[in-house]
Every structure is written in C-alpha cells, then in structure tokens.
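S.K.: below is the structure, and that's it, no one-letter string:
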C-alpha cells in the first residue's frame, strides 16, 4: 500500500463515523466532531455560524490534529515500511540516479550514476557530527537533522567514515536530535523529527528482537 493510500485509510477511520445521528447520546471525543458542533447553531437547524468553505479548512486541520493525537505516524510507519526499500530503489532507477549492473551467475547489483549521490549526504553528516563534537557553530538544516536522526535510528555509522566509536557517534547524533526543539521555529514541521525517528528506532528494535530472539 502506498503512503498516500495509507494516509487516506487513516483519514477514513475518522471521517466515516456517524456524526449528527448520534448527537446527544454519544460523546464525540474527536477535535473534528467538537469543532463541527460548535460551528453550527443548534437552535436554527444546525445552520453554520461561518461559511462552510472556511470550515473546510478548520475541519481539515482538526482531522490532521486528530490523526496526530491518535498516533497515526506510528501506524503509518508500519503500514508502508514493508515496501519502502523496493519502492525507493525503483524510483532511483527510474530517475537515472542508479542503474542495474547485471552479472552472470550472480545476483543483479546496482551502481551509482551520480558520484555525488552518496558523497553529499556523507559530507553533511560528517560535518554535523564533527561540529557537534567540537561544540562549534554549524548551520543545521531540517533535512540534515532528519537524515542524522534516521541514520542514528538504524545505527548506520560505518558509511560516515568517522574516527569515533559507534557509541560516540550515537551520543553526538542524539545530542543533535535533542537540540531540534530549540532550533526549529515554533510550529515548524522539524519538531516532528525526533518523534518520527523514535518510532523508527522502536520498530527497528522490535524487528531485531523478532529476528534474533
């Protein structure tokens, strides 16, 4: 199932509840339901207090908040993860970033068409780790912060080519991730990075236990 369809499935879980039919007998706990009720005049056949086009935006925002409050990120992670490796690889082949390398009597491999594809992210993470270790100023970008947090979640340290132990790299990346909350502007999407990376780390730990009990 694609990420989009999985998200739609999550939305439908909230949107298919019988709303007004049960009003007065069922406690509607979702933000979406409560906003809908407040936005209508119960003494005037539920006439809207503001234009429905404006409520479209507010109700969409309420639904997203409900999804966040119901921990949909973790559910979505488990929903789409079984196919993400193959889908990502196929997308990179389709864009010409990598190519298949067929070998006789051996499994088909892959090669990079763009030598900077791995060099650029490696350099960015090396700079981040070294700057964090030296406690020096460094321009941290949300994309690099996210990459660092996910590299940490799967313990992907060897490709960084750093003269630190895995434990030292882990500690420095943890320090960087904890700092996201203070660096990101209020309301920025970057605030979700530590939580999402934590969900990934939990999934990795559960998978490891299942495979190697």
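M.R.: That came through, no problem. Predicted model only: the values in this text are computed from it and were never measured.

S.K.: what sits up against the helix or strand containing residue 152?
M.R.: Using DSSP states H and E, the element containing residue 152 is helix 142-153. Residues outside helix 142-153 that contact it (Cβ atoms under 8 Å, 6 or more residues apart in numbering): 121, 124-125, 128-129, 157, 160, 169-170, 173-174, 176-177, 180, 183-184, 188-190, 193-194, 196-198, 200-201, 204. C-betas here are computed from N, CA, C, even on glycine.

S.K.: likewise stretch 186-196?
M.R.: Contacts of stretch 186-196 (Cβ under 8 Å, 6+ apart): 73, 77, 142, 145-146, 149, 177-178, 180-181, 183-184.

S.K.: can you do 7 Å?
M.R.: The contact list for stretch 186-196 (Cβ atoms under 7 Å, 6 or more residues apart in numbering) reads 73, 142, 145-146, 149, 177, 180-181, 184.

S.K.: which one among those gets closest to residue 99?
M.R.: residue 146 (26.9 Å; Cβ to Cβ).

S.K.: tally of neighbours for the closest one?
M.R.: Residue 146 has 19 neighbouring residues, counting by other Cβ atoms under 10 Å.

S.K.: state the distance from it to residue 39.
M.R.: For residue 146, the distance to residue 39 equals 36 Å [Cβ to Cβ, to the nearest Å].
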